[in-house]
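Asker: Prediction below, plus the sequence it came from.
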Amino acid sequence: MKRRDFIKKSIPLGTVPLYLSGMPVSVMAESSNLSALTNAGSVSDRCLVLVFLDGGNDGINTLIPIDQYDILMRDGSGGDSKPLRRPDLMIPEENILKLNGISNTGLHSKMEKFQNLFNDDKLSFVRNVGYPNPNKSHFRSTDIWNSASASDEFIFSGWFGRYLSNNHSSYPEGYPNNDYPDPLALTIGRTASNTCQGPIVNMGMSIKNLNSFVDIKEGDGEVPDTPYGHELQYIRTASKLTNDYFDRLEQAAEYGGNSNIEYPELNLGQQLKIVAQLIDGGLKSKVFVVRLGGFDTHDNQVDSGSPETGRHARLMEELSESVSAFQNDIIDRGLEERVLTMTYSEFGRRVFQNKSYGTDHGEAAPMFFLSPFVNPNPIGSLPSLEYIDNIEYEHDFRSVYGSILMDWFGTDEATIRSLLYEDFKYIPILVGTRTNVEEPHPMSKRIEAYPNPFKSNLNIKIEIKSGETLLKIVDASGREIKEIVNKKLKHGIHNFRYDGTHLKNGLYFILLENEGKRSGVSVIKRS
Amino acid sequence: MKVLKMANLTEKKKSINKRDKVLARGNKKTPQFPRQIAGLEESSSEWNFEKAAHLLRRTTIGPTYNEITESVKDGLDKTLTKLLDDTTKSFDPPLNFLDEEDPEIPLGETWINAERKKNDSKRENSYAAWRVSLILNKKEPISIRENMVLFWQNHFATEAAVVNDARYVYWMHDRFRNNFLGNFKNLVKKVNVDAMMLVYLSGIYNVKEAPNENYARELFELFTIGKGPIDGDDSYTYYTESDIIEASKVLTGWQVRQNFSGSERQFFNPERHDTSTKNFSSKFSNKSIANNNDKEHEDLIDLIFESDRVSEYICEKIYRWFVYYVIDEEVKTKIILPLAKIFRDNNYEIKPVLEALFKSTHFFESHTLGAKIKGPIDFSLGAIRQMPFTEYEDFNFRNKYFFWRGKHSNVSDQGQSIIDSPNVAGWPAFYQGPLYHEYWISSVTLPMRTTQIKSFLSNNGIRGFGDGLTIVSNPMEFVLGLETPKDINFIVEEFCNWLLPVSDEITSNTKEELVDIINGGNPNIWEDELTEYLSDPSENKKEDLNKKLRLLLKELCLMPEYYLS
């Protein structure tokens, strides 16, 4: 039985926040012994990979609402009460890929690898992500997504750039340095992504491939206080940064070495291959940005009479194949738990098809997340598409960003509100990742605890190798509550039950030591 | 302890966020200069080498030393007359140099009126190479033409990769070349129904039953009036979402021909045209446009051009292209608004606007000189054009095309493909704040620029023609034409004036270092070597001197100052 199935039977995770709100930060901060206990990876090792689907991805043909299949097949012949939907675009119902535990939604038939990842609890999604008063211009909406601004607000900096500039306010002055020898952000492509634009300068850099390291002439001397001097200084600074960072990138590329995994010979796959190699080589950039273009499918989104081929099908395949190769690569390199991958697009597309086998600019759309820590229960429910042309947003993309900053990078809520959005609302996209506040996270799935949150009985399932095994429950400050088992156990799966009726509400950790390895999961008591 | 620290951080974060929003209100504060700029009044300062070099750098691509000295002799007025001479010229069309299997067009023939070809990439290659050849051409008198074609194709940006028909690209850009200083209003009317545009922005799918708003949206947002801030539901200050829908109805009914000859590329199909009356919002005084069939799209342009905002938006684009990207209140008041008035007073003719700009005090003042970061075409093709190279005129046409195609890769790798805009908004350097022109400079492009300069000025010369052919830079030819070629200090001085903007800012230290590249600390070496060569010339001796000069030029062109115009 999968984790998803356990959880589904208990409490819908999508609605109950699985987070630390209400836990005093000071308590969390002092329980640093916990991380020693659990071997939990630290936030400083983590990075985010952003996959920008440029042009506006058609969410409805990516995550297909099977339960509305008949409605979506309407060709407009039923009069005003049954308006045209998208009959020419719909993949044959039997070819839509099924998702375990979910009956109303399936994946595009070219996304088999995404299906596998989902069924392995390593991929999840949030639906209907967007923002109020949506803008349907590519450029403006891309700016909005990159800057995390409201529809009527113009912010130069990118959301991740602002996050970085908080901790690196003097950048680029004094960078790189001993503490931060690596680019803070790296775009694989021609220019550094606007996502990483800081309040003044871009916090990141870009490389097109791993062979572009040459010495740039830097120049020196005073510059006049004129536009000429301003631009001259910019070029000099950019040259110096490029030289310094190239040294590090070159080293990381060498240490990382070639991949054992075969990537598709496609643009996105080749970009992600570089990312895996550099992370493995020790590059500590916090964010990597890659891009897949071509999503503006106004026409020929599908081939006429063949909805499973055409522009969109090729893109879905490239996305699914490339990202899954990347996931295999980072697993092979032992990096899986340090890397979170997230897709985004500037908008979704309209519900109804146009006359060109395509769709026009729409509003909200789904986002995918890949990590062993994803909440296996997808978030968001699709509205009825019978009469609407645009899918209204249900989750604000700034809340998605904020939840990632909170759960993946340990950013506190006040900071998130100030960086992104006053109305931030937490969305439980990740589970068990709070190591910044010293919460352990599972090293692989050797340990599972359910239901979560729990009221009384907590079921604990462990998968171990034969040998001395210590399993215990501790509170948020690291104090031991109960030793559940401490003896030699046989290889395999063991189940335990712990009655926590008497426990106070709050956060607890289940810790496992076996074969010299430590793992842990967090659980919430809620009565 | 830790809690306290976090609280402090939060305060700091808030202040950063606040500052960011101040910046965000417009470019007026990024960057800021303690300055007071001059206006459009005619420049009265002395005409000299620095000013002539500045004008030619900004209006042409890679001016040669001789072009600048000639312009010094001509004076500003005559130079402008030459630059802005808009007499139509005809050029040999692009040739098939690559596709040996084209059933219709043999190698060496042009494909511009050929039948549609499914796999079009070889024609696209041919087109890109041909454009490079026009930019590198030094046989014609100085002209702003190729720069203006780039301006227009960036304004009405399209992607061959989307349309897959090099013929349409050719004919659209040919329109720009034939009207490079023409009437903007008429140009928009032509572009409305241009075949390339009809395919690129889905105009051919825009039919009465299902209006496709792709083109109409960009017509407002990018091509004419520009998008303003949101000022209400679905409203962008100068137009609304409903205006887009109404405009897309106006534009219904246009189709393109797969096969054509000459001008017959698009046609109007009345059966696809929405004949209803189209009603516009209060942004357009609630006016409506009645059915007018194939002339109706022109009525739409007339309506849009009733707004003064069109002239301001276009003058902003002209300013960002030719002058600098910071358009603050001062620039707006002293330059943009007066230029926009000239534009309207002249019924949207481009030439009077450029004339006023290029004669203005502001164009030649220190706030403008050297402030523009060269784009890839300006930098890479400019470098080749302005350097003296051995001739390749007599090479086989295919060898030449191979070379030009390679040079196009040099610029498209840096993000300035001549056939594919990044998207319909054009190159981000001209619209994407706060970086704007700085967009061209990144850790990706810096190594490319470095590598290219080194290869252009290598002793082995530039390859890429095929058949082992090369061209080699020949700076001796240029040096021997100088007044006092034996004076190495003078040579360095002239190189700086020619290649670097604001050469007054180049310190004497830097110049000494440059001189040292030639004579290695022995003050008379250059003079001795040159005297020796002149008394008994030989190719070997000349090449030895060329090698020295190439080192000097390489050093100069790798200086960050050379990246500026």
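Answerer: Right, received. Where do you want to start?
Asker: What residues sit buried inside the host helix or strand of A:Y69?
Answerer: Secondary-structure element containing A:Y69, defined by DSSP states H and E: helix A:69-72. For helix A:69-72, burial by neighbour count (16 or more other C-beta atoms under 10 Å in any protein chain shown) applies to A:I71, A:L72. Where C-beta positions appear, they are placed from N, C-alpha and C, glycine not excepted.
Asker: Output the contacting helices and strands for that helix.
Answerer: Using 3 or more C-beta pairs under 8 Å, 6 or more residues apart in numbering or on different chains; DSSP states H and E as the contact definition, helix A:69-72 packs against no other helix or strand.
Asker: now the helices for the stretch 351-500 of chain B?
Answerer: Counting by DSSP state H, counting those that start in this stretch, one finds helices in the stretch 351-500 of chain B at the ranges B:351-359, B:361-364, B:376, B:382-386, B:397-412, B:445-456, B:475-480, B:488-499.
Asker: can you tell which of those is closest to chain A?
Answerer: Counting by C-beta to the nearest C-beta, chain A lies closest to helix B:445-456 out of the helices of the stretch 351-500 of chain B; the figure is 4.4 Å.
Asker: residues in contact with the nearest residue to B:E365 once chain neighbours are set aside?
Answerer: Once its chain neighbours are removed from consideration, B:E365 has its nearest residue in B:A38; the separation is 5.2 Å (C-beta to C-beta, 6 or more residues apart in numbering or on different chains). Residues touching B:A38, when contacts are defined by C-beta atoms under 8 Å, 6 or more residues apart in numbering or on different chains, comprise B:K334, B:S360, B:T361, B:H362, B:E365.
Asker: now those: which count as buried?
Answerer: The neighbour-count criterion (16+ other C-beta under 10 Å) marks B:K334, B:S360, B:T361, B:H362 among these as buried.
Asker: end-to-end on stretch B:551-565?
Answerer: End-to-end distance of stretch B:551-565: 22 Å, with C-alpha to C-alpha, to the nearest Å as the criterion.
Asker: my guess is B:T277 meets B:I289, correct?
Answerer: Yes - shown here, B:T277 and B:I289 form a contact pair, counting by C-beta atoms under 8 Å, at 7.0 Å.
Asker: As CSV, the buried ones among the contacts of B:A38 with distance to A:R398 would be great.
Answerer: Below are these laid out as CSV (distance: C-beta to C-beta, whole Å):
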residue, distance to A:R398
B:K334, 39
B:S360, 45
B:T361, 47
B:H362, 41
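Asker: Could I get these in TSV, plus columns for pLDDT and distance to B:E316?
Answerer: Formatted as TSV, the entries for the buried ones among the contacts of B:A38 read as follows, by pLDDT from 0 to 100; distance: C-beta to C-beta, whole Å:
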residue	pLDDT	distance to B:E316
B:K334	97	13
B:S360	98	16
B:T361	97	20
B:H362	97	15
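Asker: and A:E318, that's in a helix?
Answerer: Yes - when the secondary structure is assigned by DSSP: H, G, I helix; E, B strand; the rest coil, A:E318 falls within a helix.
Asker: so who does it touch?
Answerer: For A:E318, the contact set (C-beta under 8 Å, 6+ apart) comprises A:P264, A:L266, A:N267, A:L268, A:G269, A:L292.
Asker: Dump the residues you listed into CSV; add neighbour count as well.
Answerer: Converted to CSV, the contacts of A:E318 look like this (neighbours: other C-beta atoms under 10 Å in any protein chain shown):
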residue, neighbour count
A:P264, 17
A:L266, 17
A:N267, 17
A:L268, 24
A:G269, 23
A:L292, 23
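Asker: Keep only those of the residues you listed that are in helices.
Answerer: Using DSSP state H, the members of those that fall in helices are A:N267, A:L268, A:G269.
Asker: Would you mind listing what in the stretch 251-400 of chain A touches chain B?
Answerer: Applying the criterion C-beta under 8 Å from any C-beta of the partner chain, the portion of the stretch 251-400 of chain A that neighbours chain B consists of A:H298, A:D299, A:N354, A:K355, A:S356, A:G358, A:D360.
Asker: Just give the nearest non-adjacent residue to the second one, would you?
Answerer: This means A:D299. That would be A:S356: by C-beta to C-beta, 6+ apart, it lies 3.5 Å from A:D299.
Asker: Looks like that neighbour contacts A:S304 (just checking).
Answerer: No - at 9.8 Å, A:S356 does not count as touching A:S304 under the criterion of C-beta under 8 Å.
Asker: of the residues of the stretch 251-400 of chain A next to chain B, closest to B:D165?
Answerer: Within those, the smallest distance to B:D165 is 14.3 Å, found for A:D299 (C-beta to C-beta).
Asker: one step back: tell me which of the helices of the stretch 351-500 of chain B is the most buried.
Answerer: With neighbours defined by mean count of other C-beta atoms under 10 Å in any protein chain shown, none of the helices of the stretch 351-500 of chain B is more surrounded on average than helix B:376, at a mean of 23.
Asker: follow-up on the earlier one: in a markdown table, list the residues of the stretch 251-400 of chain A next to chain B along with neighbour count and pLDDT.
Answerer: Conversion of those to a markdown table gives the following (neighbours: other C-beta atoms under 10 Å in any protein chain shown; pLDDT from 0 to 100):
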| residue | neighbour count | pLDDT |
| --- | --- | --- |
| A:H298 | 22 | 93 |
| A:D299 | 20 | 91 |
| A:N354 | 27 | 93 |
| A:K355 | 16 | 90 |
| A:S356 | 22 | 92 |
| A:G358 | 27 | 95 |
| A:D360 | 24 | 94 |
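Asker: okay, these in CSV with distance to A:I404 and secondary structure next?
Answerer: Shown next, in CSV, are those (distance: C-beta to C-beta, whole Å; DSSP: H, G, I helix; E, B strand; the rest coil):
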residue, distance to A:I404, secondary structure
A:H298, 31, coil
A:D299, 34, coil
A:N354, 34, coil
A:K355, 39, coil
A:S356, 36, coil
A:G358, 32, coil
A:D360, 30, coil
